[in-house]
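Q: Have a look at this prediction, sequence included:
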Amino acid sequence: MEAVNATAEVQFFFRPFSPDPEVQKAIFVPFLLMYLTSLSGNATVAVVVQTSPSLHVPMYFFLANLAVLEIFYTSSIAPLALANLLSMGKTPVSLAGCGTQMFFFVFLGGADCVLLAVMAYDRLVAICQPLRYTLIMHWSLCVELMAGCLVLGFLLSLPLTILIFHLPFCHNNEIYHFYCDMPAVMRLACADTRVHMMALYVISFIALSIPLLLICISYGFIMAAIVQMRSAEGRHRACSTCSAHLSVVLLQYGCTSFIYLSPRSSYSPEMGRLVSVVYTFITPVLNPLIYSMRNKELKEALKKALRKF
């Protein structure tokens, strides 16, 4: 009963990056700039795709949805992280607040990973079956695939969040992180977490390995099709759209695999926190830049939109 009461009343705090307030303020500025840049960049991509009739095709439908996911994904973490940078880690978060943040982070991150696999399939159909592309990738299928991404993200997030927040939390309430990440929160539980860690590892392995396997299979067929293309312009066009997607895949899957698939014995809280900065702040900034620089149609649509202002 005492453990239940302690858990119900616990409030978490996040460990500062530095004990020096001036260093914290210096870190706050680039974090804020990255957050605002990611919001504006991803919002621009989503709005341009929506308002440009030439971009009303499945590839850009998925890209716009990826941009929207990135906005909500980074917004589930950044505001609280920025507040804690200024308060030296003294901004508390309740157990319910921590659970809510964890749920949305895993939900949106899981949907993001599955969507990247869907985008690889879209490129596979476009390059390997160009004459049947519009027949295969019809709008109802695109909507169903996007809904499937969200449902799978939800199904990944809910059981993990419930499982972790049924653990008892006692006296140590300082999370060695800047948000409620699962491995960092589980380290604070005053109970045996081996079953929970195994569940996290298994679900993370499934959530990361299956989409990544589908991406690799898709790009295996895509590379074979590109090699057989006779037109140099066709090869260049196919490679430019695929290279942008592959860059995003490497950033997303590389960082998340390091955090969630590393053995517990080798997990370093400090390294985990630094790697998390990449996929929570840096990747959402880079995604719209990568796609806009590597994609001719999107680049032209952005130029047209800017001329209107």
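A: Yep, it's here.
Q: where are the low-confidence patches of the stretch 151-300 of the chain?
A: 264-267, 293-294 (pLDDT under 70).
Q: isn't residue 88 right next to residue 14, touching?
A: No: at 9.9 Å, residue 88 and residue 14 do not qualify as touching, with contact defined as C-beta atoms under 8 Å. Where C-beta positions appear, they are placed from N, C-alpha and C, glycine not excepted.
Q: Who has more neighbours out of the two?
A: Neighbours around residue 88 and residue 14, counted as other C-beta atoms under 10 Å, are more numerous at residue 14. The numbers are 27 against 18.
Q: Relative to residue 213, how far out is residue 290?
A: The gap separating residue 290 from residue 213 is 23 Å, by C-beta to C-beta, to the nearest Å.
Q: for residue 283, that is, sorry about that
A: Distance of residue 283 to residue 213, computed by C-beta to C-beta: 21 Å.
Q: More neighbours: the two, which one.
A: Set side by side, residue 283 and residue 213 show more neighbours around residue 283, with 23 against 11, by other C-beta under 10 Å.
Q: Now the element after the host helix or strand of the more buried one, going C-ward?
A: Residue 283 is located in helix 283-294, with elements delineated by DSSP states H and E. The helix or strand immediately downstream of helix 283-294 is helix 296-307, counting by DSSP H and E.
Q: how close does residue 141 sit to residue 62?
A: Applying C-beta to C-beta to residue 141 and residue 62 gives a distance of 11 Å.
Q: Please apply the same query to residue 278.
A: Relative to residue 62, residue 278 is positioned 23 Å away (C-beta to C-beta).
Q: Have a look at those two and say which one is more surrounded.
A: residue 62 (24 against 17).
Q: Surely residue 202 is in a strand?
A: No: Residue 202 is assigned helix when assessed by DSSP: H, G, I helix; E, B strand; the rest coil, not a strand.
Q: how about stretch 228-243: buried residues?
A: Going by neighbour count (16 or more other C-beta atoms under 10 Å), the buried part of stretch 228-243 is 237, 238, 239, 241, 242.
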